[in-house]
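Student: here is a sequence with its predicted model. Questions after.
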Amino acid sequence: MRFGKSIFSTLLVTLLFAGSPGQAELFGQAVPGKDENIPFLVTFGKEGETSWGDDDFYEIFFFLIPTDFKQQFYIRVFDPETGGENDEIQGEFNTRTMFSVYGGKGVDPDKNEESKGLMNKPNYKGGTLLASQTFGREPRYDNKYYTFGPFNPTSGDFNTKWNQYVFKVVCEGISGDDGNLYKYFLSRNPSNDVPIEGANAFTYEYTFRMWNDTKSVSHIYPYVDTGIVWVRQRNFDWDIDGHILVVSRYRQGVTIPISNEDHWTESRLPVEPAEVGASLDFQFHKKQGELVKNNNVVVTLENQRGDALQFFSSPIGGVPVYQAKIRVTPVNPKK
């Protein structure tokens, strides 16, 4: 698929400036994050159709709490009920969705591969169950928060690489066939969204709703760790809704193959040395003209060893901005 220079010019103008890692982390408690421009996460009831944009009817997010944070904290779920203004109805609302918070040994995906929740690892509920709540059609939670906690940071599973405690939230559609649209906020306060500086959140399989707006561009930010030479991207049920562009501080923009309804598409993407130790920017540009409404998408990435990459809500190193390298040719003044 070819795109003219105008797309790349627009891309460079509209990209946000990259902040420092500290600045990015400060606002990393909203899931989806501010820089992602994603309206909602989405999970369908287990009787749903995969063609509606959810391949497995559950979604897992991990929350990182810095070791120097010594207070209690809360995990807030916005609009957890199914059957309200934002949700996707299929006939009559009949769906129940369960949110579960896990801590303790077995949560950290670096130690427990199955905790990642990928399709070939079905035992994704590793860890100690700290709290759980099931929601159906309950108007009192429509467009409102339900708060889990308080939790003690040391109740998480300690991750030595990030020097942070890891907690896990599993959302699963336990009955029905409707889509539950929701989002999270990690907070120091049970009643308000008060960020925890240095905290972040990530997932390995991102299932989310696109805006019903052809001018809006959504982003997700996979982190490229050391030792990665190429990645395999897989996207599901994109409905051929425009194009997906990959941007980094090295590459100006590369399009990748896109999927149709109820279909997985994959491709390999080489990783340049300049992209290691930072985030890539996967941009989702909707099709112009006729609007594809209520488009739900699933995306995963893995490296050349088959290890899944993390999508951070607050991109590590800040939002990547392409840095053009200009060659200067010396001019001989005698000519």
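Tutor: Arrived safely, thanks for sending.

Student: what segments of this structure are helices?
Tutor: 5-14, 21-26 (DSSP state H).

Student: ranking these by mean pLDDT, which is last?
Tutor: Between these, the lowest average pLDDT goes to helix 5-14, which shows a mean of 33.

Student: in the stretch 151-300 of the chain, which spans are strands?
Tutor: Counting by DSSP state E, counting those that start in this stretch, the stretch 151-300 of the chain has strands at residues 157-159, 164-175, 179-187, 200-203, 205-209, 217-220, 223-224, 230-236, 243-247, 254-256, 264-270, 278-279, 281-285, 296-303.

Student: can you list those strands in CSV and add distance to residue 95, mean neighbour count and mean pLDDT?
Tutor: Where C-beta positions appear, they are placed from N, C-alpha and C, glycine not excepted. As requested, the strands of the stretch 151-300 of the chain are exported to CSV (distance: least, Cβ to Cβ, whole Å; neighbours: other Cβ atoms under 10 Å; pLDDT from 0 to 100):
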stretch, distance to residue 95, mean neighbour count, mean pLDDT
strand 157-159, 30, 20, 97
strand 164-175, 6, 23, 98
strand 179-187, 6, 24, 98
strand 200-203, 21, 25, 97
strand 205-209, 15, 23, 98
strand 217-220, 24, 22, 97
strand 223-224, 33, 20, 96
strand 230-236, 20, 19, 98
strand 243-247, 29, 21, 96
strand 254-256, 32, 15, 95
strand 264-270, 24, 14, 97
strand 278-279, 34, 24, 94
strand 281-285, 26, 23, 97
strand 296-303, 14, 22, 97
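
Student: wait, which of these is closest to residue 65?
Tutor: With Cβ to Cβ as the criterion, residue 65 lies closest to strand 164-175 of those, at 4.5 Å.

Student: follow-up on the earlier one: in JSON lines, list the strands of the stretch 151-300 of the chain along with distance to residue 129.
Tutor: Converted to JSON lines, the strands of the stretch 151-300 of the chain look like this (distance: least, Cβ to Cβ, whole Å):
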{"stretch": "strand 157-159", "distance to residue 129": "13"}
{"stretch": "strand 164-175", "distance to residue 129": "10"}
{"stretch": "strand 179-187", "distance to residue 129": "18"}
{"stretch": "strand 200-203", "distance to residue 129": "19"}
{"stretch": "strand 205-209", "distance to residue 129": "21"}
{"stretch": "strand 217-220", "distance to residue 129": "28"}
{"stretch": "strand 223-224", "distance to residue 129": "28"}
{"stretch": "strand 230-236", "distance to residue 129": "29"}
{"stretch": "strand 243-247", "distance to residue 129": "36"}
{"stretch": "strand 254-256", "distance to residue 129": "38"}
{"stretch": "strand 264-270", "distance to residue 129": "31"}
{"stretch": "strand 278-279", "distance to residue 129": "31"}
{"stretch": "strand 281-285", "distance to residue 129": "32"}
{"stretch": "strand 296-303", "distance to residue 129": "26"}
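
Student: so which of these comes closest to residue 135?
Tutor: strand 179-187 (7.7 Å).

Student: which neighbouring elements make contact with the closest one?
Tutor: Contacts defined by 3 or more Cβ pairs under 8 Å, 6 or more residues apart in numbering; DSSP states H and E place strand 179-187 against strand 30-31, strand 40-44, strand 73-78, strand 164-175.

Student: how is the protein divided into domains?
Tutor: 1-37+210-325, 40-203 (automatic domain parsing).
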